[in-house]
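Visitor: Provide a 3D model corresponding to the input given below.
(3 chains)
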Amino acid sequence: MSDLPRIYQPKPRDVAASTDLERDFAGLNVEQQRAVVHPGGPLLIVAGAGTGKTRTLVHRVAHLIEGGVAPERILLLTFTRRAAQEMLSRAERLVGAASARVHGGTFHGTANRLLRRYGPSAGLPSDFTILDQADAEDLMQFARAAAGPGKPHEKRFPKKETLHWLYSRHVNTEIPLETLLGDELPAFVEHEPAIRAVLREYTRRKAERNLLDYDDLLLSWAMLLERGGELADRMAALYDHVLVDEYQDTNALQARILRGMVGRGGAPANLTVVGDDAQSIYSFRGATVRNILDFPRDFGGATLVALEQNYRSTPAILDVSNAVMAKASEGFRKALWTSRTGGERPWLVTARDEPQQTRFIADRILELYEEGIALSGMAVLVRAGFMSADLEIELQRRGIPFDKWGGLKFLEAAHVKDVLAFLRILENPRDEVSWYRILLLMPGIGEATARSAVEAMSAGAWAPAAFRHFAPPARAQAAHRALAALLDSLRETVAVGDGVGGAVGLEIARVRTLYDELLREKYDRPEARLADLDQLQTIASGYPDRASFLTAIALEPPQATQDLAQGEDGPDDALVISTIHSAKGREWDVVFMPWAVDGYLPLARSLATPEGAEEERRLCYVALTRARHQLYVTYPLNAYATRRGADYSLDQVSRYLDRDVRELMLRVALGDDDRPARDDAPVRAPIDLRALLGGRF
DNA sequence: ACTAATGTCCTTTTT
DNA sequence: GGACATTAGT
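Guide: Prediction:
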């Protein structure tokens, strides 16, 4: 494509890197250049969608290295590890292999790395296990049972998910517990003492079992820095420059970490943050736009650069996006512009019902494909994972390959978690949650037997023998024997395969000699689940050892099949189906946005607060601005959401597509034959009925 | 006393 | 389809 920035193109070998760098630098606009050459001290780049934010960051990294900063003394914090990798590989084309030494990753991944190294001097053993959210909630369940209110729940007590949400929210936002309870969960205010007891118990159990949840990773990092002393100085001295992408989606805790990592001892805070308040969509995780808005205050003397020239989308798409944000209630007022011209108005397609909406999208994808647009150049963006179910079936039926991003169910599936539980107790025999999970799988072992088994092991210092010598009731004896034998054989596998690539895959194979049988009994159609386990095995074989596999799977879940597919089948051409959240920072030639109805976008649940509704608007904006050339927004006229008690109909076009927005779009109605009827000449209503009605008196 | 089977409600977004 | 509560069955 001719309008691709040069930086995307492979660098000819015989051209010196610096020549490339200079030539490309000239292709940046004035604001981008300012950001790139900013010497030091805090820098805030407010970058609208598609304004070359990534390109600017890449150049800044390259510029720093060219200027003599050692690559390993640069830290690049991004939202996903993949984003970091993409930037670093682009930087490599500018300054060569040196950029590979730049430290890049997510906040959580970086916390993990630093804590394994510096934690031991602060009483945190380096072999901690990381709990993902589901694990953390399971552990919360145990804490709830142990420290919660007495057996009969006289009054409703919060469930494990709610307790975990409360804990996480408190840690990430630093809002006091009592305030959170009063504002968000007033029904549980009276339980505050019991809730505190449960959270204490939760924390105690994590410490006792050497477990860290996602929040602990950040919290420990922050606290090590804030405690001061030699350890903090050494961590802060690791980096000369810190760059943070997607700053609008960071939270208060992450801001604390940054304050600790830069500008220690009066040195200039060499911190660059990039973000767009209009794309802040992670408040449910405690992110706050305040981080961006307060940046100049938090880091004195900050330089501000605003990028507003859009290089991604056609003016027609940009106009619609801008119109959606024009009605936003707060935020930096800015409008993206482009020097390009042309482009068709985005379509607003009205379908009769969901099946017709689905058929339209599938039809259109095939048409565009035949016109020469690769499937991988198209994406379908939805508010929530379940909204693409019908489309996925249709695509499968028609043989259109697709990758689904976000809402990855693979690692959450019960059978995958079951198998992982075996690996986890090998890695950390004190992992009570995994023990329970495994024990309850076995026929003849129920809750009571599992509990006494865990107690016996705890008494026996979690040694392998403690389980072997546990005496189960008669009905559970066969199960106990089989499980003990498997665990013993797994420990042998470890001894043999230690340090050998593929050892983890072998362990999984060994686990499956027992587990596959259980799976077959439990499900009528186990094939799909068995295939998942095959895939898990393949993924695991790529890791050098069990510990790194388990850590990777908690921090950076493989993006479904695609990480795998790239190594095996080569570059498959596949359509992308993604949640809007997971589409952040990406772009496609053609974007479809189905379900543009009130209730789904905005999602009904999010409307409880005005802030929630505003975030949904930004979500809509993020989706629209992913499109380069063509944008199709669709909605069905008749659809129903089945909800407890009152089913409600989804029959209103999304409130964010108000009249001003719709006038910028091409109205298309689908007929009974599915043929799109374009209304190419939308006229403003020639008569004003309101005025006529009112004029009678 | 314990496990297995049945019934009921709910289903956002992610490190 | 899954998590949780309840009931049936051993």
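
Visitor: contacts (any at all) between DNA strand B and the helix or strand hosting residue A:490?
Guide: Using DSSP states H and E, residue A:490 falls within helix A:477-497. No. In terms of CB under 7 Å from any atom of the strand, no part of helix A:477-497 sits within range of DNA strand B; the closest distance is 8.5 Å. Glycine gets a C-beta too; all of them are placed from N, C-alpha and C.

Visitor: neighbouring strands - and their directions - for the longest strand along chain A?
Guide: Longest strand in chain A, counting residues (DSSP state E): strand A:627-638. Counting by DSSP bridges, the strands paired with strand A:627-638 are strand A:347-353 (parallel), strand A:588-593 (parallel).

Visitor: just those strands: most buried one?
Guide: strand A:588-593 (a mean of 24; mean count of other CB atoms under 10 Å).

Visitor: who's in contact with that strand?
Guide: Contacts with strand A:588-593, where a contact means CB atoms under 8 Å, 6 or more residues apart in numbering, come from A:361, A:364-365, A:368, A:373, A:377-382, A:576, A:623-624, A:626-634.

Visitor: name the residues linked to residue A:597 by a beta bridge.
Guide: Assessed by DSSP bridges, residue A:597 has beta-bridge partners residue A:653.

Visitor: which ones are touching it?
Guide: The neighbours of residue A:597, taking CB under 8 Å, 6+ apart as the test, are A:635, A:636, A:639, A:650, A:651, A:652, A:653, A:654.

Visitor: against DNA strand B, how distant is the closest residue to residue A:512 other than its chain neighbours?
Guide: Excluding the flanking residues, the one nearest residue A:512 by CB to CB, 6 or more residues apart in numbering is residue A:533, at 6.2 Å. Separation of residue A:533 from DNA strand B (CB to the nearest atom of the strand, to the nearest Å): 21 Å.

Visitor: just the CA trace of the helix or strand containing residue A:533, in PDB.
Guide: Taking DSSP H and E as the criterion, residue A:533 maps to helix A:527-541. In PDB, the C-alpha atoms belonging to helix A:527-541 read as follows (Å, rounded to 0.1, in the frame of the first residue of the first chain):
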ATOM      1  CA  GLU A 527     -13.500 -34.500  21.500                       C
ATOM      2  CA  ALA A 528     -13.300 -30.700  21.500                       C
ATOM      3  CA  ARG A 529     -12.000 -30.700  25.000                       C
ATOM      4  CA  LEU A 530      -9.400 -33.300  24.300                       C
ATOM      5  CA  ALA A 531      -8.300 -31.200  21.300                       C
ATOM      6  CA  ASP A 532      -7.900 -28.300  23.700                       C
ATOM      7  CA  LEU A 533      -5.600 -30.400  25.800                       C
ATOM      8  CA  ASP A 534      -3.600 -31.400  22.700                       C
ATOM      9  CA  GLN A 535      -3.100 -27.700  22.100                       C
ATOM     10  CA  LEU A 536      -2.100 -27.000  25.700                       C
ATOM     11  CA  GLN A 537       0.500 -29.700  25.400                       C
ATOM     12  CA  THR A 538       1.900 -28.200  22.200                       C
ATOM     13  CA  ILE A 539       2.100 -24.700  23.800                       C
ATOM     14  CA  ALA A 540       3.700 -26.100  26.900                       C
ATOM     15  CA  SER A 541       6.400 -27.900  24.900                       C
END
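
Visitor: in the stretch 401-550 of chain A, which ranges drop under the pLDDT threshold?
Guide: For the stretch 401-550 of chain A, the stretches with pLDDT under 70 are A:406-409, A:493-501.

Visitor: residues near the closest residue to residue A:475 other than its chain neighbours, how many?
Guide: Distances taken as CB to CB, 6+ apart place residue A:444 nearest to residue A:475, at 4.5 Å, with adjacent residues excluded. By the criterion of other CB atoms under 10 Å, residue A:444 has 14 neighbours.

Visitor: pick out the residue in the stretch 301-450 of chain A sitting closest to DNA strand C.
Guide: residue A:414 (5.4 Å; CB to the nearest atom of the strand).

Visitor: which phi and psi does that residue have?
Guide: Torsion angles at residue A:414 (phi, psi; degrees, to the nearest 10) stand at phi -60, psi -40.

Visitor: now the contacts of residue A:597 in CSV, with neighbour count?
Guide: Shown next, in CSV, are these (neighbours: other CB atoms under 10 Å):
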residue, neighbour count
A:635, 25
A:636, 23
A:639, 18
A:650, 21
A:651, 14
A:652, 11
A:653, 19
A:654, 24
